[in-house]
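Asker: Structure for the following, please:
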Amino acid sequence: MAKKELTPIDHNFLESVAEILTQARKNAKTAVNLSMVYAYFEIGRMIVEEEQHGANRAAYGTQLLKELSAYLTEKYGKGFSVGNLKNIRQFYKVYANDQIGETVFSQFKNLPAVSTGRKFFLSWSHYLKLMRITNIDERHFYEIEAVKNDWSLNELKRQYNTSLYERLALSTDKEKIYYDRKVKLPDENPTIGIVLCKDKNNAVVEMTLPEDNAQIFASKYETVLPSKESLQKLLQEQMSDADGGEGE
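Answerer: So this is what the prediction gives:
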């Protein structure tokens, strides 16, 4: 009796099973990362509260972090250096009184909340980056966008370094950014000035400056505009560097 031919296995079936496992592993990793974020918030709270008990708070705080670091490292291994514990403490200080509208995160309504009612939605690495943003509105903007768009840490850094927050805020005036390339007449001199940006970033600078730019320089963004004298001094220094020190 001839053997019946076996029906080929549908490759879509194999991919569907694999996708379930992939998503499950991703969810498990996300759950672990989120658990650590919540744990670090509570550890940061405990450190801050314990530091208040010392007569000399500064000295006591230093000794506290050293001893806690040694204890946790012996018990759990790497990840609890004094530097990391300082980050954990700072994380608590930044987010202890911070609230963010949860309506934009309705899909995470079942997440737990810390004692202040705050919920966290991203990995510890994300929050290490976010907590260094001093502008609260800007910090919330990047947190919301990172959650909504499932940004990796590298993507968050890229969007921040290209000043997405500022660019969107200024989007209604975007024509002004390209004045030299789009509007300036051929017989007009190139624009002279200083572009103040968050960090030196050639991609952003090239897009916002005239072609073959040699007269506009990028400097780190400051939340308080420098005085006219400070700007003049900076411009002179940058022009001197560009000319190789000639004219000094």
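
Asker: Return the distance of residue 38 relative to residue 51.
Answerer: Computed as C-beta to C-beta, to the nearest Å, the residue 38 to residue 51 distance reads 21 Å. Heads up, the C-betas are built off the backbone N, CA and C, glycines and all.

Asker: isn't residue 121 right up against residue 140?
Answerer: No. Contact status for residue 121 versus residue 140: not in contact, 11.7 Å apart, counting by C-beta atoms under 8 Å.

Asker: quick one, which of the two is more surrounded?
Answerer: Each of residue 121 and residue 140 has its neighbours counted (other C-beta atoms under 10 Å); residue 121 has more, 21 against 18.

Asker: all strands for this structure, in order.
Answerer: Ranges of strands in the chain, per DSSP state E, are 193-197, 216-220.

Asker: dump the residue contacts of residue 47.
Answerer: 64-65, 68, 85, 88-89, 92 (C-beta atoms under 8 Å, 6 or more residues apart in numbering).

Asker: Which pLDDT value goes with it?
Answerer: In this prediction, residue 47 carries a pLDDT score of 89.

Asker: One more: residue 196?
Answerer: 52.

Asker: residues near residue 129, how many?
Answerer: Here the number of neighbours of residue 129 (other C-beta under 10 Å) works out to 18.

Asker: Look up how far residue 97 lies from residue 60.
Answerer: From residue 60 across to residue 97, the span is 24 Å (C-beta to C-beta).

Asker: Could you check which of the two has the larger neighbour count?
Answerer: Looking at residue 60 and residue 97 with other C-beta under 10 Å, you find the greater number of neighbours at residue 60, namely 15 against 8.
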